[in-house]
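Undergrad: fold the following, please.
(2 chains)
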Amino acid sequence: MGKIPVSLIEKKVAELCVEANFDLPPDVEEALKRALQEEESPLGREILKDLWENLRIAREERIPICQDTGMVVVFVELGQEVEISGGSLTEAINRGVARGYQEGYLRKSVVSDPLRRVNTGDNTPAVIHYEVVPGNVFRITVMPKGFGSENCTALGMLKPADGVEGVKRFVIGAVDKAAANPCPPVTVGVGIGGTAEKALLLAKRALLRPIGSLHSDPFLAQLEKDLKEEINNLGYGPGGFGGRFTALAVHIETYPTHIAGLPVAVNINCHASRHKTWVWDGESDE
Amino acid sequence: MLLSGVVYGARDQAHRRFAEALERGEGLPLDLSGQVIYYVGPTPAPPGRVCGAAGPTTSGRMDVYTPLLLSCGVRALIGKGNRSPEVVAALKEFGAVYLAAPGGAGALLSRCIKEMEVVAYPELGPEAVYRIVVDNFPVIVAIDAEGNNLYEFGPSSYRKKNSA
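TA: Down below sits the predicted model:
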């Protein structure tokens, strides 16, 4: 049984928050580069060049990629043989977020109450999703989620009779409604099945998959390809000014559901699909 | 188009306070007549810098307040994303324009900012009102004073019919 001190988790979360905001994962950069090569619209290409240059400046000059450094979504995979020592795991994660946002000069974008709207001043609390898994493992992913894209989220409780065509109409409709707002070219996360909240969580988790990777199930992989093509037929393009690349990728995740339902959720990420992961090496006792 | 000069940074809560102040008959905390509003909430300035990342936020959330501010003499708005029919009508009525800056290019745009200071509502943090001096700040005319809308006609030429 391994033991991880909360101080180590706090430190790692702080580092992940900072790095996620300055440096995109290589698959995201690769997808943007491909879009730049293939985009037909001259204005679209100009926007993609700006975004590409923006990534370079962010990395080299340590300026956040975007001023919306997000509300922090954290995915924790906690092995059931691991002991977290020295305090509360949730508190350690939030201390890490506060530290990262302070030390990295990141924007504090969280208000303590959705209606009374007073800024908490340290970008906490994070939204944390825990999953208990077998084994002596610990894995934590930090996803700073901007609200230009988060506000474009959609949930549909479709009927089983709506089927694949109904799901396609719903997903394409959500991206059509989002238009220029989520800073295209976007990644579209689609969650199908489960219950309402399960579908939304699947959609968010789908955003973490490497861009361009297809689902392992050929039926769903085909649906991802079809959806991407039809979303790109909407014509919004980079920045929403017109062009071929509205979506860089569509990722679908599914879960068993009830005989009476067909939940479908859409969660969108902007072109800067920010996330960083730390995997415990099994020996990092401090 | 490259913009140089003074713009005022204001977003959600600042707009709400502007509207509440006008409703109470108090007037705005600063004279916005003839000015440009930029929808921005920058990241804190790292040491030795004027500002952090400072790209546009989604303009649509300000739609409900925009006709009122245009009636106070605001001449141009900078943001990202389409506007409501009410805003388009108000742009035509008051002869104002809506400019789009590249969304998600906050680091790039920070280089075009030469001065930045909070001039109202400092307690709102990133949502305070900022006086910003920009130099060669890149914008596109998205909706002009005649209501021509790039967010409508731009995508329409690339739109293809879908089966679903």
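
Undergrad: could you measure from B:Arg61 over to A:Ala92?
TA: Here B:Arg61 is placed at a distance of 34 Å from A:Ala92 (Cβ to Cβ, to the nearest Å). For every residue, glycine as well, the C-beta is placed using N, CA and C.

Undergrad: I should have written A:Cys183 there, sorry.
TA: 32 Å.

Undergrad: before we move on, back to that, more neighbours: B:Arg61 and A:Ala92, which one.
TA: A:Ala92 (22 against 18; other Cβ atoms under 10 Å in any protein chain shown).

Undergrad: quick check: pLDDT value at that one.
TA: At A:Ala92, the predicted lDDT confidence score is 98.

Undergrad: look up phi and psi at B:Gly5.
TA: Dihedral angles phi and psi of B:Gly5 (degrees, to the nearest 10) take the values phi 130, psi -160.

Undergrad: let me redo that: A:Asp23
TA: As for A:Asp23, its main-chain torsions (degrees, to the nearest 10) stand at phi -140, psi 120.

Undergrad: wait, doesn't it sit right on A:Ile57?
TA: No. Between A:Asp23 and A:Ile57 there is no contact under Cβ atoms under 8 Å: 11.8 Å.

Undergrad: between those two, who's got more neighbours?
TA: A:Ile57 (19 against 16).

Undergrad: what parts of the stretch 1-150 of chain A come near chain B?
TA: Residues of the stretch 1-150 of chain A that fall close to chain B, judged by Cβ under 8 Å from any Cβ of the partner chain: A:40-41, A:43, A:47, A:50-51, A:53-55, A:57-58, A:61-69, A:105-109, A:117, A:119, A:121, A:148.

Undergrad: any of the residues you listed buried? List them.
TA: In terms of neighbour count (16 or more other Cβ atoms under 10 Å in any protein chain shown), the buried residues within the residues of the stretch 1-150 of chain A next to chain B are A:41, A:43, A:47, A:50-51, A:54-55, A:57-58, A:62-69, A:105-109, A:119, A:148.

Undergrad: how about the strands in chain B?
TA: Ranges of strands in chain B, per DSSP state E, are B:2-9, B:36-38, B:76-79, B:97-100, B:113-120, B:129-138, B:140-143.

Undergrad: turn the ones you listed into CSV, columns for distance to A:Gly166.
TA: What follows is the strands of chain B, written out as CSV (distance: least, Cβ to Cβ, whole Å):
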stretch, distance to A:Gly166
strand B:2-9, 43
strand B:36-38, 41
strand B:76-79, 34
strand B:97-100, 34
strand B:113-120, 47
strand B:129-138, 42
strand B:140-143, 34
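
Undergrad: as a markdown table, the ones you listed with mean pLDDT and distance to chain A would be great.
TA: Formatted as a markdown table, those follow (pLDDT from 0 to 100; distance: least, Cβ to the nearest Cβ, whole Å):
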| stretch | mean pLDDT | distance to chain A |
| --- | --- | --- |
| strand B:2-9 | 98 | 10 |
| strand B:36-38 | 98 | 11 |
| strand B:76-79 | 98 | 10 |
| strand B:97-100 | 98 | 7 |
| strand B:113-120 | 97 | 11 |
| strand B:129-138 | 98 | 7 |
| strand B:140-143 | 98 | 7 |
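
Undergrad: want to throw the ones you listed into CSV with mean neighbour count?
TA: Below are the strands of chain B laid out as CSV (neighbours: other Cβ atoms under 10 Å in any protein chain shown):
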stretch, mean neighbour count
strand B:2-9, 16
strand B:36-38, 25
strand B:76-79, 24
strand B:97-100, 24
strand B:113-120, 16
strand B:129-138, 19
strand B:140-143, 20
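
Undergrad: just so I know, which of those lies nearest A:Gly193?
TA: When those are ranked by distance to A:Gly193, counting by Cβ to Cβ, first place goes to strand B:76-79 at 36.8 Å.

Undergrad: now do that closest one: distance to the chain's middle.
TA: For strand B:76-79, the gap between its own C-alpha mean and the chain's C-alpha mean amounts to 3 Å (Cα atoms, centre = their mean, to the nearest Å).

Undergrad: pull up the pairing partners for it, direction included.
TA: Strand B:76-79 sits in its sheet next to strand B:36-38 (parallel), strand B:97-100 (parallel), going by DSSP bridges.

Undergrad: and the closest residue in space to A:His275 that isn't next to it in sequence, which of the three is it?
TA: The shortest distance from A:His275 to any non-neighbouring residue, by Cβ to Cβ, 6 or more residues apart in numbering or on different chains, is to A:Met143 (4.3 Å). On the three-state scheme (DSSP: H, G, I helix; E, B strand; the rest coil), A:Met143 is labelled strand.

Undergrad: any idea how far A:Met143 lies from chain B?
TA: With the distance defined as Cβ to the nearest Cβ, to the nearest Å, A:Met143 ends up 16 Å from chain B.

Undergrad: contacting residues for that residue?
TA: Residues counted as contacts of A:Met143 (Cβ atoms under 8 Å, 6 or more residues apart in numbering or on different chains) are A:20, A:70, A:72-75, A:204, A:207-208, A:274-275.

Undergrad: buried ones from those, can you make that a ChimeraX selection?
TA: Listed next is the ChimeraX selection for buried residues among those, using 16+ other Cβ under 10 Å:
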select /A:20,70,72,73,74,75,204,207,208,274,275
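
Undergrad: could you dump the contacts of A:Met143 into CSV and include secondary structure and distance to B:Arg75?
TA: Conversion of the contacts of A:Met143 to CSV gives the following (DSSP: H, G, I helix; E, B strand; the rest coil; distance: Cβ to Cβ, whole Å):
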residue, secondary structure, distance to B:Arg75
A:Ala20, helix, 38
A:Gly70, coil, 32
A:Val72, strand, 38
A:Val73, strand, 39
A:Val74, strand, 43
A:Phe75, strand, 46
A:Lys204, helix, 40
A:Leu207, coil, 39
A:Leu208, coil, 43
A:Arg274, coil, 35
A:His275, coil, 40
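
Undergrad: ok, so of the contacts of A:Met143, who is nearest B:Glu26?
TA: Checking the contacts of A:Met143 one by one against B:Glu26 (Cβ to Cβ), the nearest turns out to be A:Gly70, at 34.4 Å.

Undergrad: show me what the nearest residue in space to that closest one that is not next to it in sequence is bridged to.
TA: Spatial nearest neighbour of A:Gly70, excluding adjacent residues (Cβ to Cβ, 6+ apart): A:Pro144 at 3.3 Å. Counting by DSSP bridges, A:Pro144 is bridged to A:Val72.
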